[in-house]
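[1] I'd like to go over a predicted model; first the sequence, then the structure.
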Amino acid sequence: MSTAVASAVAAEETDEPPRGVPAIRYFLSKLGGAAISMVMVILLGFFAFKLLPGDPVALMAKERPMSAAQMDQLRAQLGLNKPMIVQFWDYLGNVFTLNFGDSYVYKQSVASLIGEYFWNTILLTGTSAVIAIALGLWLGQRAAWKHGSWFDRITTGTALVFWSVPTFWLALLLLMIFGGSLHWFPTGGMMSPNPPPDALGKVLDVASHMVLPVITMVAVVYAQYLMVMRASLIEEMGEDYLTTARAKGLREDKVRTGHAVPNALLPTVTLVFMHIGGLIAGAVTIETVFSWPGLGKLTYEAISGPDLPLLQGTFVVFSAIIIVTNLLADLVYRLLDPRVRAA
Amino acid sequence: MTTTASAPVAHPGSARAMAWRRRRAAAGQFWSDFRRYPAGMTGLVVLAVIIILALLAPVLAPSRMLDVTQLLDSPRYAPPSLAHPFGTDDQGRELWVRMLWGSRVSLVVGFAATAMSMIIGTIIGIAAGHFTGWVGGLLMRIVDFFLVLPSLILAIVLSSVLSRGVMTIVIAIGLTSWAGTARVVRSQTLSVESRDYVERARVLGAGHWHIIVKHLLPAVMPLVLANTTLTVGSAIIAESTLSFLGLGDPSKQSWGTILKNSMDLSAATSGYWWYVLIPGLAILLVVLAFTLVGRVVETIVNPTLRNR
């Protein structure tokens, strides 16, 4: 199985960043790319919600009966009766002032809702990302160093299985086993109804609510990091400098940790950042299953509403998070890889 | 060797007959390569069984078995037993019947969305590799955009604004999952473009259309084929995720819809374990089967992966 797995992630890698370009040009071209992507997100955010053959008001009326007068009023309130170009202009102004209108379901502004839930998602995905990256890189370099061994087969095989599992189902399973049956961890939310008064108690309370969602997210995404690390370390393994290190009399562990791994980490770092999108996508279903009050849960509620202003808001914010982390990845790569910097 | 009756009469020595002979030999070679991988054969057998069961659904479990009005006497939430192999749900429906019917939606969406994604990916990939200059640059920007943004986020937006239905899910997945294919196809196109036979065709006056159809398309097809098998698996996961989020067709239930019902009824915390376990295991089984087959196909068409 391991033969095939290596290509799983390696096959979808992106082009190497251009080498030998002056810092300022490199920076500007990456910034420009990110800006273009953001413009596309903003355009998509408008056209998907305005031009596609679905009348949002009719869609809402299907869920909650309303009279023709109410529908007209709602259209006017949403600005749907203005000419398209005016609507677009309004929308642009709103995006840049982070004003996505009011949520139908929550009856408050989308911006304040997102502001309220944003950090919960960052807490959940950030913690998971740190654990998944550490676990994936550690297992990946171990597996690569002895590739073809039983350890390699088992770790890559397990990762592949976790990767094939639908995220939301893994979440449901963990919820069922550790929340529903064993009662080890709370089954949903971020805090108990009566949180302990002291600060330490509060932290522990939130932490116990985080355990299951974090385990789910780590299990689903660590495979990508494992595969990237494994593939790039295998690339390094035939290199002459490792023979030199061995010839110097270094122990095998030293050769691995002191020489091979630092070099293999270079291409890995960028890809690690690039896979952040997977974490964000996972957040939607994981937060839904565990009722974690984050942007993913908001997205789910926006779908069930249907609450289109809210959905538009979470879409733009999610996309912005991903585009910014990708930009950071490109910049970090340049800082880390002296070959890109030097020339 | 003459080809099918519908094809124009081909003489044994004609270019067309030779091309067919070559293709048939290649297909035979492919099959004998494929048979050497037990993992791929396992996946193929599993898929064949599931597809046959899905096709036989109306015979094995007539749709009246899902009619709630005829199930007033059947037990609710019965755990799996001899009488109820997969248990029953909150309305007394047999879970195995729902699974069987759900497999049709899951598989149809998986195949249709993949076909759409492959067609878009191949066209954009070839165009991005073949047309240099601003057209190629622009196309690559678009590909990068779709690569970076998770297709789930885009698919959620698309399927929320369109009317609910199986076709919407297919479009949402198909329109958002082609970027990986486009990238692979583009890099293969670039390497084929630099070969001498393409140069020769160009010197002889071949236009874009001729080069794309006669030279580029056949060269990228094996890669697209390998990609297709792998994409079906992820399309099935995408379908179940969208249905789970409530974006599916309410009248046609898929495996994802069954899992959504189980979440809405808090099956996970109420002890209805079969309601959660069985649909997920089915998805996992199908996805793993497609992955096994896809990996083997990939290994055969791309020999550089063999030693990895």
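    Nice, thanks for sending it over.
[2] drop to CA atoms for contacts and neighbour counts, all remaining ones
    Will do.
[3] secondary structure element holding A:G277?
    helix A:276-289 (DSSP states H and E).
[4] hmm, who's touching that helix?
    Residues outside helix A:276-289 that contact it (CA atoms under 8 Å, 6 or more residues apart in numbering or on different chains) are A:121, A:125, A:129, A:167-168, A:171-172, A:188, A:213, A:216-217, A:221, A:292-297, A:299-300, A:318, A:322, A:325, B:148-150, B:152-153, B:241, B:245, B:263.
[5] what sits against the closest residue to A:A320 other than its chain neighbours?
    Distances taken as CA to CA, 6 or more residues apart in numbering or on different chains place A:M38 nearest to A:A320, at 6.8 Å, with adjacent residues excluded. Contacts of A:M38 were listed using CA under 8 Å, 6+ apart, and they are A:319-320, A:323.
[6] how about the residues of the stretch 101-250 of chain B by chain A?
    Within the stretch 101-250 of chain B, the positions adjacent to chain A are B:141, B:145, B:148-150, B:152-154, B:157-158, B:160-163, B:180, B:184, B:237, B:240-241, B:245-247 by CA under 8 Å from any CA of the partner chain.
[7] try 7 Å this time
    Residues of the stretch 101-250 of chain B lying close to chain A by CA under 7 Å from any CA of the partner chain are B:145, B:148-150, B:152-153, B:158, B:160-163, B:180, B:237, B:245-246.
[8] look at residue 68 and report its pLDDT.
    Looking at chain A here, since you left the chain open. On pLDDT, A:A68 comes in at 76.
[9] ah, I was thinking of chain B
    69.
[10] returning to what we had before: tell me the one of the contacts of A:M38 nearest chain B?
    Closest to chain B out of these is A:S319 (6.5 Å), distances taken as CA to the nearest CA.
[11] which one is the closest one nearest to, not counting chain neighbours?
    Nearest residue to A:S319 in three dimensions, chain neighbours excluded: B:L149, at 6.5 Å (CA to CA, 6+ apart).
[12] wait, does stretch B:280-299 contact chain A?
    Yes: using CA under 7 Å from any CA, stretch B:280-299 reaches chain A at B:280, B:284, B:287-288, B:295.
[13] residues in contact with that stretch?
    For stretch B:280-299, contacts defined as CA atoms under 7 Å, 6 or more residues apart in numbering or on different chains pick out A:4, A:164-165, A:169, B:34, B:39-40, B:43-44, B:46-47, B:226, B:229-230, B:232-233, B:305-306.
[14] give the rounded mean pLDDT of stretch A:39-48.
    Averaged across stretch A:39-48, pLDDT comes to 84.
[15] quick one on the thing from earlier: for the residues of stretch B:280-299 next to chain A, which single residue is the most surrounded?
    B:V287 (26 neighbours; other CA atoms under 10 Å in any protein chain shown).
[16] give me the element that residue is part of.
    Using DSSP H and E, B:V287 falls in helix B:273-301.
[17] which helix or strand in chain A has the lowest average pLDDT?
    Lowest mean confidence among the helices and strands of chain A (mean pLDDT, DSSP states H and E): helix A:2-10, at a mean of 37.
[18] measure B:L230 to B:F30 for me?
    Distance, B:L230 to B:F30, using CA to CA, to the nearest Å: 17 Å.
[19] quick check: angle from whichever helix or strand comes after the helix holding A:G277 to helix A:276-289?
    As assigned by DSSP H and E, the chain's next helix or strand after helix A:276-289 is helix A:295-304. Relative orientation of helix A:295-304 versus helix A:276-289 (axes from the mean of the first three to the mean of the last three CA atoms, to 10 degrees): 70 degrees.
[20] quick one: helix A:295-304 to chain centroid distance?
    Here helix A:295-304 is found 16 Å from its chain centre; the criterion is CA atoms, centre = their mean, to the nearest Å.
[21] what of stretch A:88-99?
    25 Å.
[22] how about stretch A:129-137?
    The chain centre lies 13 Å from the centre of stretch A:129-137; the measure is CA atoms, centre = their mean.
[23] about what we covered before: just the buried residues of the contacts of stretch B:280-299.
    A:4, A:164-165, A:169, B:34, B:39-40, B:43-44, B:46-47, B:226, B:229-230, B:232-233, B:305 (16 or more other CA atoms under 10 Å in any protein chain shown).
[24] now the stretch 201-308 of chain B, which segments are flagged as low pLDDT?
    Counting by pLDDT under 70, the stretch 201-308 of chain B contains low-confidence residues at B:303-308.
[25] quick one: the helices in it?
    Assigned by DSSP state H, counting those that start in this stretch, the helices in the stretch 201-308 of chain B fall at B:208-210, B:217-244, B:255-264, B:267-270, B:273-301.
[26] now distance to B:F131 too, for those helices, in CSV please.
    Listed next are the helices of the stretch 201-308 of chain B as CSV, based on distance: least, CA to CA, whole Å:
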stretch, distance to B:F131
helix B:208-210, 9
helix B:217-244, 14
helix B:255-264, 41
helix B:267-270, 53
helix B:273-301, 26
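[27] please identify which of those helices is closest to A:F49.
    helix B:217-244 (18.0 Å; CA to CA).
[28] who does the closest one touch, helix- and strand-wise?
    Helix B:217-244 is packed against helix B:95-130, helix B:179-193, helix B:255-264, helix B:273-301, with contacts defined by 3 or more CA pairs under 7 Å, 6 or more residues apart in numbering or on different chains; DSSP states H and E.
[29] thinking again about what came up before, so of the contacts of A:M38, which ones are in helices?
    A:319-320, A:323 (DSSP state H).
[30] who are the contact partners of A:L172?
    A:289, B:268.
[31] ok, A:G136 next?
    A:G136 touches A:222-223, A:225-226, counting by CA under 7 Å, 6+ apart.
[32] would you mind measuring from it to A:T243?
    Counting by CA to CA - A:G136 and A:T243 are separated by 26 Å.
[33] ok, A:L250 next?
    10 Å.
[34] next one: B:I123
    For B:I123, the distance to A:T243 - CA to CA - is 46 Å.
[35] in terms of neighbours, single out the busier of the two.
    Using other CA under 10 Å as the criterion, B:I123 and A:T243 rank with B:I123 on top: 16 against 13.
[36] name the nearest residue to the more buried one, ignoring sequence neighbours.
    B:A182 (7.7 Å).
[37] the one you found: neighbour count?
    Neighbours around B:A182, by other CA under 10 Å: 30.
[38] surely it is in contact with B:G121?
    Yes: counting by CA atoms under 7 Å, B:G121 is a contact partner of B:A182 at 4.2 Å.
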